[in-house]
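In: A predicted structure for the sequence below; I have some questions about it.
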Amino acid sequence: MDYSRTIRNVFGARADGAPLFSFWTHFPRDDLDAERLANATIRLQLEFDLDFVKTAPNGMHAVEDYGVKIDFSEVPEGGVARLVSTPFETVEDWSKLPEINIHAGALGRELQSLRLVRAALPHVPVVFTVFSPMTLAAKLSRGKIYEHIAEGTNAALIHSALVKLSQTVAQYSAAAIEAGADGVFFAHQDTGRHLLAYDDFSEYVAAYDHEALSGARFGRFNILHIHGEQIRFRELLDYPVHAINWHSWETLPSALTGMLSSRKCIVGGIDRRSVTANDIPAIENQISSVRIAADGMSDLIFTPSCTIRAGFKPETLHAIRSIVKERLPRGSATALHDAAVAAQ
């Protein structure tokens, strides 16, 4: 398909051939060490020749340095890391939120891993994973930040903590781009309409997201990842990013509606659940339908809707890459649609 000048500037010759494709996963036996994580990331790229690399820190890396205790034992079997204890249980605890040195501890580890990846893959676009301020607050408090906001007391403490978190994310993003990232993958787990009232979302979430994203203003390719269901998609359309990724097969909007309303690059089109189930026919149907819908609408990079957890079958991802790169050659989606109709 034809890509915009922005995409061609970032992806170079890759954007002049077949449609673009990527996916990301975790490396649970390697992601607590900068060099091992970098090597695992590089090996993944060498095996699948992805059109961009997303760094893959463990899901709790951004809160490791805040005095929490984390259990990583379930991750190798496809589970998630869990917070065992945290100093941020009550609303008053937010007054104790410390300033974090982004060049030390877990954050420093991830920046060092990024530098190693960039050195080994100088010509591949790399996006660096960061979390939204509210997502960090939710991780730190095991979700109690929503209760603290709903209670309506000590709002000043919450705002003060979110200021610190947004400043840290902004500094961290800027450091990543300086270290060689082409942009950030701004992961957001707190846009669900069931989590916060609309006014609270505007006051405590969106405002600090924009502050945090200011740190990525020199990124060439920033992606907003909207995680979960019942998402506030419309409220995020003005975020200063180049691309959007969300669970388009699990929640509204559809990929087509997301293209029409955002006019941003769409990163997605593949249902992560189908990948986990190794359902190749379903994935091929998803790719074909999204490709047809995207004709002339927007830039499109095929990826799963979210992280593919550890334990996936490499054969499935190779098959998906083949569908994107070989069965969907560059050309008009209209012709693809006509061929599909003729085959019925």
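Out: Received it, and whenever you're ready, just let me know what you need. Residues are numbered from 1 along each chain as shown.

In: My guess is Val184 contacts Phe221. True?
Out: No. Look at Val184 against Phe221 with C-beta atoms under 8 Å: they stay out of range, at 9.0 Å. The C-beta positions use only the backbone N, C-alpha and C, and glycine is treated the same way.

In: Now Asp51. Nearest residue, chain neighbours left out?
Out: Leu20 (4.1 Å; C-beta to C-beta, 6 or more residues apart in numbering).

In: Can you give the distance of stretch 165-173 from its chain's centre?
Out: 16 Å (C-alpha atoms, centre = their mean, to the nearest Å).

In: how about the CA coordinates for that stretch, as PDB?
Out: Taking Å, rounded to 0.1, in the frame of the first residue of the first chain, the C-alpha atoms of stretch 165-173 are listed here in PDB:
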ATOM      1  CA  LEU A 165       5.000  11.200  37.500                       C
ATOM      2  CA  SER A 166       4.300  13.200  34.300                       C
ATOM      3  CA  GLN A 167       7.700  15.000  34.700                       C
ATOM      4  CA  THR A 168       9.400  11.600  35.100                       C
ATOM      5  CA  VAL A 169       7.700  10.200  32.000                       C
ATOM      6  CA  ALA A 170       8.600  13.300  30.000                       C
ATOM      7  CA  GLN A 171      12.200  13.100  31.000                       C
ATOM      8  CA  TYR A 172      12.400   9.400  30.400                       C
ATOM      9  CA  SER A 173      10.900   9.800  26.900                       C
END
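
In: which residues of this structure fall in helices?
Out: Using DSSP state H, the helices of the chain run over residues 5-11, 34-48, 105-120, 133-141, 144-151, 155-178, 198-201, 207-213, 255-262, 272-276, 280-294, 314-322, 333-343.

In: Just put those helices in JSON lines and tack on mean pLDDT and distance to Val68.
Out: Converted to JSON lines, the helices of the chain look like this (pLDDT from 0 to 100; distance: least, C-beta to C-beta, whole Å):
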{"stretch": "helix 5-11", "mean pLDDT": "95", "distance to Val68": "35"}
{"stretch": "helix 34-48", "mean pLDDT": "98", "distance to Val68": "20"}
{"stretch": "helix 105-120", "mean pLDDT": "98", "distance to Val68": "11"}
{"stretch": "helix 133-141", "mean pLDDT": "98", "distance to Val68": "7"}
{"stretch": "helix 144-151", "mean pLDDT": "96", "distance to Val68": "13"}
{"stretch": "helix 155-178", "mean pLDDT": "98", "distance to Val68": "14"}
{"stretch": "helix 198-201", "mean pLDDT": "97", "distance to Val68": "24"}
{"stretch": "helix 207-213", "mean pLDDT": "98", "distance to Val68": "20"}
{"stretch": "helix 255-262", "mean pLDDT": "92", "distance to Val68": "34"}
{"stretch": "helix 272-276", "mean pLDDT": "95", "distance to Val68": "27"}
{"stretch": "helix 280-294", "mean pLDDT": "94", "distance to Val68": "37"}
{"stretch": "helix 314-322", "mean pLDDT": "97", "distance to Val68": "33"}
{"stretch": "helix 333-343", "mean pLDDT": "43", "distance to Val68": "47"}
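
In: Minimum distance to Asp71: which of those helices has it?
Out: Nearest to Asp71, of all those, is helix 133-141, at 13.4 Å by C-beta to C-beta.

In: Determine the number of other residues adjacent to the residue nearest to Asp51.
Out: By the other C-beta atoms under 10 Å criterion, the neighbourhood of Leu20 contains 24 residues.

In: And Thr276, by the same measure?
Out: Residues near Thr276, counting by other C-beta under 10 Å, number 16.

In: separation between the residue nearest to Asp51 and Asp49?
Out: 11 Å (C-beta to C-beta, to the nearest Å).

In: now swap in Tyr204 and tell me
Out: With C-beta to C-beta as the criterion, Tyr204 and Asp49 are 41 Å apart.

In: out of those two, which sits in the more crowded spot?
Out: More neighbours surround Tyr204 than the other of Tyr204 and Asp49, with 23 against 12 (other C-beta under 10 Å).

In: re earlier: ok, the residue nearest to Asp51 touching Phe302?
Out: Yes. The pair Leu20 and Phe302 qualifies as a contact (C-beta under 8 Å) at a distance of 6.8 Å.

In: sorry, back to before: which residues do Val184 and Phe221 both contact?
Out: Val127 (C-beta atoms under 8 Å, 6 or more residues apart in numbering).

In: All set, thanks.
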